[in-house]
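Engineer: quick one, what's the 3D model for this:
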Amino acid sequence: MSSNADIYHEMIIDYSRNPINYGEIKDHDVTFHDSNPLCGDSIDIDMKIDEDKITDIKFHGKGCAICMACSSVLTEITKGKSLDEARAIEKKDILSELGLEHLQAVRIKCALLSLKVLKSALYTYIGNNLKDDKDVGKLKKEAASLY
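Structural biologist: Numbers count the residues shown, from 1 in each chain. Just a heads-up that it's a prediction; the model follows:
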C-alpha cells in the first residue's frame, strides 16, 4: 500500500471509531433517515438552519467504516454553509477527502448514503418552506435529477 493509501486508510478507521458531529439535535429544523440494506448502514441527519444557513448538523445511526467516515466528512463540509452551497456538494467532494475516488461499485452506496440523506433533508426543508407555489415544480425537477 502506498503512503497516501495508508493515510486515507487510517483516516477512515479513525473517523469510524471517533465520528465527528455524531449525535442528535433535539430541536432540529429538519431530519431525514435512509438506509442501505445491502450493508446494513442506517443514517439519520439532523440540521439546525438559521436564515438559510446550516448552523448545526449531526448524524446518528450505524454503518460500516466507510459510511461512518463519509458521514463525518460530509457534516464537517456542510456545517456553516448556505442551503445553496450545501445543495451543490457533490460525491467527488466527499470521496476525494478520504481518497475514495476509485471505490468499488459495491461500496459506493456505503460512501454516499449520507449525501443522499443530506440532499433529501435539504429538499424536504426547502419544500416545506417555499413561499411561492410556482417554485414547487422547479424544486421537484431538481430533486429528481439527483440520482
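
Engineer: residues touching S16, list them.
Structural biologist: 64-66, 68-69 (C-beta atoms under 8 Å, 6 or more residues apart in numbering). Where C-beta positions appear, they are placed from N, C-alpha and C, glycine not excepted.

Engineer: quick one: the strands in this protein?
Structural biologist: 30-36, 41-50, 53-62 (DSSP state E).

Engineer: just those: most buried one?
Structural biologist: strand 41-50 (a mean of 21; mean count of other C-beta atoms under 10 Å).

Engineer: which residues of the protein score low on pLDDT?
Structural biologist: Low-confidence segments of the chain (pLDDT under 70): 1-8, 132-147.

Engineer: the closest residue to E97 other than its chain neighbours: neighbour count?
Structural biologist: Leaving aside its chain neighbours, E97 sits nearest to V73 (4.8 Å; criterion: C-beta to C-beta, 6 or more residues apart in numbering). Look at V73: counted by other C-beta atoms under 10 Å, it has 25 neighbours.

Engineer: and if you look at P37?
Structural biologist: 8.

Engineer: how much space separates D93 from K79?
Structural biologist: Using C-beta to C-beta, to the nearest Å, one gets 14 Å for the distance from D93 to K79.

Engineer: circling back: okay if I get the contacts of S16 as JSON lines plus distance to A86 and neighbour count?
Structural biologist: JSON lines is the format used below for these (distance: C-beta to C-beta, whole Å; neighbours: other C-beta atoms under 10 Å):
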{"residue": "C64", "distance to A86": "24", "neighbour count": "18"}
{"residue": "A65", "distance to A86": "24", "neighbour count": "15"}
{"residue": "I66", "distance to A86": "21", "neighbour count": "24"}
{"residue": "M68", "distance to A86": "20", "neighbour count": "26"}
{"residue": "A69", "distance to A86": "19", "neighbour count": "28"}
